[in-house]
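A.B. asks: Sequence and predicted structure are below.
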Amino acid sequence: MTVFPRYLKITLLILSLLLSFSSTAQARPKIGLVLGGGGAAGVAHVGVLKVLEENNIPIDMIAGTSMGAIVGGLYASGMSADELEKTVNSLEWLNLFEDSQPRKDQQFHQKEVNSGFFSSFELGLKDRKLKGPSGLVTGQKLMFELRSLFTPVNHIQNFDQLPIPFRAVATDIETGQAVVLKQGNLAQSVRASMAIPGMFSPVNINGRLLVDGFVSNNVPVDVGRAMGADILIVVNIPTFLEKQDKLDSAVSVALQAMQLMMLKTTQPQLDQMQPQDILIEPGIKDIGNLAFERVSETIPLGESAAREQLSNLQKLAVKNEIPQRLAGKRIQANLVDEDIRIARIEFNNNSGLSDDVLRKRLGVSVGDRFDAAILQRGLESIYGLGEFDLVDHHLAKNNQGQYVLKVNAVPSLAGKQRLRFGFSLSDDFEGDTQYQFGVSRISRGFNEQGGGWSNSLIIGDTIRFDSEFYQPVPEKDLFVEPHFWHEQRDFFFYEGDDRLAEVRGRELGLRLDVGREFGEWGEARAGAFYSYIKPDVTTGQLELADQIHSAGLRFQYRTDTMNKDRIPTEGRRLFVEYTKGLDELGSDQDFDRFRVRSDRAWSKDQHGLIFSAEAGTTFTDENLLTEGLSLGGFGRMSGLSENQLAGNHLFNASLAYLYELSDVGGVAQFYVGGTAEIGNVWGDDADIDGGDLLLTGSLFIGADTPLGPAFIGIAQTESYDTRPFLYVGQGF
C-alpha cells in the first residue's frame, strides 16, 4: 500500500520539474529585430547579424524596410549570417539595377531595332499622351535574383510561417500610408519595400501601388512591437547629409532630398523605443545609398557597431536553446543541384501576344530540368520584346508534388507605342558640316505573333522617311519584312581632294524581304527591291539622266555577337551581301555587286582592339553611278571624306586601339586611341595593284555615351591632306 504513494510522489516531482522548465522557457522575453533602410549602406545589417549569431542571441521576429527588408527577409527565410555575407558580396549589384538585356544575348532583330536611334531612353505614346517610365529601372533582373534567393520558401504565403516571422514595410504612393506586408509572395513584398521612387518602378500588390518603405517608415519600430516583441534590437543606418558645397548636381540634390525624407520618418520611430530596447547605429562614414560597389565595406562597420553594444546584447543570450531559425532551416539550399523537372508551364499574359510567342522566347519546355541561368535568359528574351514592364516567374509544387513554372508577364503601363530620338553631327573644321536629327515611332505587338511597325523621320542634310513592318513567324523562326522609304540626300564626286560636283538625289524605294533568324547571333534574308532616283546637279558639271531606276534581287547573311553596337569590347560581326540588278524588274541596267565585311573586338583591362576588313566588287569595269562601291569616313580611310573614293573594286582593313581613360558609373566611358588603316578603290580590275593601297593613320579622343559615340581627332591618308574630324551621335 505504501508503494503507490511513493511512485505518485516521484511522478508529481517529475511533472513539477517539467512545468518548472517550461515556465522558465516561456519566461524568456521575445526578441524582435528591426532593420532600417539605407540603400547600399544597409548591407551593414549583415555584420550585425554575424555578431548576434556568434553570441547566441535568439531572434523571434523581424521587421525590415528597404535594404533592411532584403537582409531581414533572407535571414527570416533560413539563411545564416555567413551565407548572407557570401551572397551580398557575390551579387553584381550594379548589374541588378540594369534592365536591358546584354546586347550579345538579344534576339538579332532586336539588335537591329536598337541600333541607330537611342534605345537607352524612349517615351511611351498611349491615349495620345506621352508617357515616361515610372522609374529608371523596372527591376527585371533584381526581381529574378530575389525570386532565386527566396526559392526555398516560395510556397509560404503567410510570413508568420517562415523560420522567423517577418514583416516588410512599403508605402502606398497614392496615399502616403505605410503598408505592412505580412503575407503573399515574399520576393515581391521585398521588391516593393525597396522600390525607391523615381529610380525603381512601383509594385502593384492587391491593387495598391507600392514604393520604398523609407517614405513612410524607415525604421519600423512600431511594426516590431506590434508583432509581440518584448525587447527590440533596432539597427538604424545613420543619415549622411552632404554640405552645401557638395550639392552641385541634380543627382546629389536628389540623394540629399531622399536622405532628409529618411531622417523625417526615422526619428519618430526611434522616439518610440523603450528602455529595454537596444539601438545599433553602424558608422557608415561616406558610403552613400547608391554606392553598391562598396557593400563589402559596410559589413565590418555593422560588426563594429554591434560589438559596441555587446554588454547589453549578451544579457539576451540563450546558449542552450536552438533558435527558431535553425529549426526551420531550409532543406533545399540550392535548387540548381537538384534534379527538378518542370511538369507544367503557365503564363499570365494580358499583352495581346500569343502565349506561343512567349513560350518560344522562354526556351524552356515541359520535362526540362530546372536551370536558373537558362530561365533567366528566357525571361530576359521575353522582356526584350518591349511589351512588358516586368517578366517574373514563380516555381512551386502542386498538389501532386509536381513543379509548376508560372510566368507572369506584366504589360507595360506606357502602352505598345514608343518614341525614340537620335541625332548625329560630323565636321571636318573646313566648312563641311553635316547634321541629322531623327524621331522613330515603334508599334510593338501589332498582332498575336509579335508583328512590329516602325516609322521614322530624319531631317537635316539628309531628309528621309522610312516605314517598315516586321512580321515574325515564330514557330519556324522566319520573318517577312516589307520596307518603304523616301530620301533626299547629297552625293559628292571627287578628284583627289577636290570636290568636282554635288548632286541632290530624291529617291523612292520599296523592298520586300523574307528571312530566317538564328536566335541571337544572326540572320539570312533574300528579297526584291525597286528604287527610283531623280538627280539634280547643284554644283559642278556632270551629265546625268533625268531618272535612274534600280531594281533586282538581294541576298544577305549577317552575324553579330558584339557586346556593344558602336564601340564594342568583345565579339564578332560578319556581313555578306550579293545584289543582282535585273532590267526585267525595271532596272536601267543589269549589274552585280558583292560585299563582305568582318569585324572582331578584344579587350583586356583598359586596352581594346577592333579589327575590321572589307572587300567588294561589281564584277565589271563599267561606270555604275548609284551601284558602285566607295570608301571614306572614320574607320574606312579616316583621312578622307565620306565616300570620297568610288569605283568597282574595293579593299579596306583597319586596326583601332583604344585605351579607357575613365568609366563614369557604367554610364559613359572615355577613351584615347588611334587607327592604322590600309585600302583603296579601283575602277578597272586590271588596275588592282597592292602597291596602290593607301595608308591612313589617325589619333583621337572619344567617349561612349547614352547619346552615342563621340570622337574628335586628326587623320592623314597617304597622298591626301591632313584632315581633322569630329563625330557625335549615331548615324542612321
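C.D. replies: Everything's here; your move. Numbering: from 1, shown residues only.

A.B. asks: residue ranges of the helices in the stretch 201-350 of the chain, please?
C.D. replies: 221-226, 250-270, 295-308, 310-313, 324-327 (DSSP state H, counting those that start in this stretch).

A.B. asks: Of all those, which one is nearest residue 143?
C.D. replies: Residue 143 sits nearest to helix 295-308 of all the helices of the stretch 201-350 of the chain, at 19.2 Å, using CB to CB. Every C-beta, even on glycine, is put in place using the N, C-alpha and C of the backbone.

A.B. asks: And for the closest one, what's in contact with it?
C.D. replies: 40-52, 85, 88-89, 93, 235, 280-285, 287, 313 (CB atoms under 8 Å, 6 or more residues apart in numbering).

A.B. asks: Can you turn the buried part of those into a PyMOL selection?
C.D. replies: Filtering the contacts of helix 295-308 down to the buried ones (16 or more other CB atoms under 10 Å) takes a single PyMOL command:
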select buried, resi 40+41+42+43+44+45+46+47+48+49+50+51+52+85+88+93+235+280+281+282+284+287+313
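
A.B. asks: who's in contact with the strand or helix carrying residue 470?
C.D. replies: Assigned by DSSP states H and E, residue 470 belongs to strand 463-473. Strand 463-473 is contacted from outside by 109, 357, 446-447, 449-458, 478-489, 517, 732, using CB under 8 Å, 6+ apart.

A.B. asks: What remains of those if I keep only buried residues?
C.D. replies: If you count burial by 16+ other CB under 10 Å, the buried members of the contacts of strand 463-473 come out as 109, 357, 446, 449-452, 454, 456, 458, 479-481, 483, 485, 487-489, 517, 732.

A.B. asks: if you look at the contacts of strand 463-473, which of them are in strands?
C.D. replies: Counting by DSSP state E, the contacts of strand 463-473 place 452-458, 478-489, 517 in strands.

A.B. asks: gap between residue 217 and residue 279?
C.D. replies: Residue 217 is 16 Å from residue 279, where distance means CB to CB, to the nearest Å.

A.B. asks: err, residue 445, not the other one
C.D. replies: Distance, residue 445 to residue 279, by CB to CB: 52 Å.

A.B. asks: tell me which helix or strand of the protein sits lowest on mean pLDDT?
C.D. replies: Within the chain, confidence by mean pLDDT, DSSP states H and E is lowest for helix 324-327 among all helices and strands, at a mean of 46.

A.B. asks: Okay, and which of the contacts of helix 295-308 map to strands?
C.D. replies: Using DSSP E, the subset of the contacts of helix 295-308 located in strands is 235, 280.

A.B. asks: And the closest residue to residue 183 other than its chain neighbours, how far from residue 69?
C.D. replies: Nearest non-adjacent residue to residue 183, counting by CB to CB, 6 or more residues apart in numbering: residue 158, 5.1 Å away. Distance of residue 158 to residue 69, given as CB to CB: 17 Å.

A.B. asks: Compare the two (neighbour count), which wins?
C.D. replies: residue 69 (33 against 10; other CB atoms under 10 Å).

A.B. asks: these two touch, right, that one and residue 195?
C.D. replies: No: with contact defined as CB atoms under 8 Å, residue 69 does not reach residue 195; the gap is 10.6 Å.

A.B. asks: Test of understanding: give the bridge partners of residue 614.
C.D. replies: residue 597, residue 652 (DSSP bridges).

A.B. asks: Just give me the neighbour total for it.
C.D. replies: Neighbour count of residue 614, defined by other CB under 10 Å: 19.

A.B. asks: got a pLDDT number for it?
C.D. replies: Looking at residue 614, its pLDDT reads 97.

A.B. asks: Buried residues of the helix or strand that contains residue 662, list them for me.
C.D. replies: Element membership for residue 662 (DSSP H and E) is strand 649-664. For strand 649-664, a neighbour-count test (16+ other CB under 10 Å) marks 649-652, 654, 656, 658, 660 as buried.

A.B. asks: Just give me the closest of those to residue 383.
C.D. replies: residue 660 (29.2 Å).

A.B. asks: and the closest one, what does it touch?
C.D. replies: So residue 660 contacts 606-608, 669-671 (CB under 8 Å, 6+ apart).

A.B. asks: Please list the members of these that lie in helices.
C.D. replies: Counting by DSSP state H, no part of the contacts of residue 660 is found in helices.

A.B. asks: Strands of the stretch 351-500 of the chain, start to end?
C.D. replies: Along the stretch 351-500 of the chain, counting by DSSP state E, counting those that start in this stretch, strands occupy 388-397, 403-411, 417-427, 433-443, 452-460, 463-473, 478-495, 498-518.

A.B. asks: CSV please, covering the ones you listed and showing mean pLDDT and distance to residue 142.
C.D. replies: Shown next, in CSV, are those (pLDDT from 0 to 100; distance: least, CB to CB, whole Å):
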stretch, mean pLDDT, distance to residue 142
strand 388-397, 83, 10
strand 403-411, 87, 14
strand 417-427, 86, 23
strand 433-443, 88, 26
strand 452-460, 92, 27
strand 463-473, 94, 29
strand 478-495, 92, 32
strand 498-518, 92, 29
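
A.B. asks: and the spatially closest residue to residue 631 that is not a sequence neighbour, how many neighbours?
C.D. replies: Spatial nearest neighbour of residue 631, excluding adjacent residues (CB to CB, 6+ apart): residue 645 at 4.4 Å. Neighbour count for residue 645, taken as other CB under 10 Å: 22.

A.B. asks: Do I have it right that residue 645 meets residue 633?
C.D. replies: No: judged on CB under 8 Å, residue 645 makes no contact with residue 633 at a distance of 10.4 Å.

A.B. asks: so what's the closest residue to residue 217 other than its chain neighbours bridging to?
C.D. replies: Nearest non-adjacent residue to residue 217, counting by CB to CB, 6+ apart: residue 178, 4.3 Å away. Per DSSP bridges, the residues bridged to residue 178 are residue 171.

A.B. asks: Number the residues from 43 up from this point.
C.D. replies: In the new count, where the first residue is 43, that last one comes out as residue 220.

A.B. asks: which residues touch residue 220?
C.D. replies: 211-214, 255, 258-259, 262 are the contacts of residue 220 under CB under 8 Å, 6+ apart.

A.B. asks: change it to 7 Å
C.D. replies: 211, 213, 255, 258-259 (CB atoms under 7 Å, 6 or more residues apart in numbering).

A.B. asks: Now do the same for the most centrally placed residue in the chain: its pLDDT.
C.D. replies: The centroid of the chain falls nearest to residue 142 when counting by CA atoms, centre = their mean (2.4 Å). For residue 142, the pLDDT comes out at 72.

A.B. asks: Wasn't it part of a strand?
C.D. replies: No: per DSSP: H, G, I helix; E, B strand; the rest coil, residue 142 lies outside any strand segment and is coil.

A.B. asks: What does it show for phi and psi?
C.D. replies: Dihedral pair for residue 142: phi -60, psi 140, per degrees, to the nearest 10.

A.B. asks: In contact with residue 407, which residues?
C.D. replies: With CB under 7 Å, 6+ apart, residue 407 has no contacts at all.

A.B. asks: mind checking how far it is from residue 416?
C.D. replies: From residue 407 across to residue 416, the span is 11 Å (CB to CB).

A.B. asks: same check, this time on residue 519
C.D. replies: The gap separating residue 519 from residue 416 is 18 Å, by CB to CB.

A.B. asks: For the chain, which residues score under the pLDDT cut-off?
C.D. replies: Within the chain, the stretches with pLDDT under 70 are 43-69, 158-163, 172-178, 283-297, 362-380, 707-708, 773-774.
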